[in-house]
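Visitor: Based on what follows, work out the 3D shape:
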Amino acid sequence: MAWWDAKQASLVILAMASLVTELGCETEVGSPSEAEIVVAPQQVRLRKGESAEFTASGWHAYIWTVEHTDWGILSRTRGARTVYTAIVSTNGIQILTCAAPVTETNSVSPASAVAIIEHH
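Guide: Have a look, this model is predicted:
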């Protein structure tokens, strides 16, 4: 007869599962639609030639976009940080959006946050 039989092994597995449930464990947010993305700073004022760095937190992957692509450029469109540089002299509001990417397993609209860039 084996030292461990199937019944004993099942009891050990159940006991371990119960212990993990009682102790709990930290888990990452399950999907981008459940994330709470935060962008800092939330608002800046820029003139032509000036730049501002933006940082995102709350998720592990980010995509950056701007509403008016002809007003300014982003140093990168993926990652937790980007730098926006104003390339035109105009008075108006530029919306910078940071979103969690949509994946094959998450076709739901992802979490996002915005920052306001005042051009003057």
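Visitor: so where do the helices sit in this protein?
Guide: 6-23 (DSSP state H).
Visitor: low pLDDT regions in it?
Guide: The model of the chain has pLDDT under 70 over residues 1-35, 104-109.
Visitor: Start and end of stretch 55-67, how far apart?
Guide: End-to-end span of stretch 55-67 (CA to CA, to the nearest Å): 18 Å.
Visitor: Would you mind listing the buried residues in that stretch?
Guide: Within stretch 55-67, the residues that qualify as buried are Ala56, Gly58, Trp59, Tyr62, Ile63, Trp64, Val66, counting by 16 or more other CB atoms under 10 Å. (C-beta placed from N, C-alpha, C; glycine too.)
Visitor: Wait, Arg47 touches Ile117, no?
Guide: No - under the criterion of CB atoms under 8 Å, Arg47 is not in contact with Ile117, lying 11.2 Å apart.
Visitor: the more surrounded of those two?
Guide: Ile117 (24 against 12; other CB atoms under 10 Å).
Visitor: picking up where we left off before, going by distance to Val83, which of the buried residues of stretch 55-67 wins?
Guide: The shortest gap between Val83 and any of the buried residues of stretch 55-67 belongs to Trp64, at 10.0 Å (CB to CB).
Visitor: That closest one contacts Thr82, doesn't it?
Guide: Yes - counting by CB under 8 Å, Trp64 touches Thr82, with 4.7 Å between them.
Visitor: okay, and the common contacts of the two?
Guide: Shared contacts of Trp64 and Thr82 (CB atoms under 8 Å, 6 or more residues apart in numbering): Phe54, Leu74, Arg76.
Visitor: Contacts only, for the first one.
Guide: This points to Phe54. Val39, Ala40, Pro41, Trp64, Arg81, Thr82, Val83, Tyr84, Leu96, Cys98, Ala115.
Visitor: same check, this time on the second one
Guide: Shown here is Leu74, whose contacts under the criterion CB under 8 Å, 6+ apart are Trp64, Val66, Thr82, Val83, Tyr84.
Visitor: Thanks a lot, catch you later.
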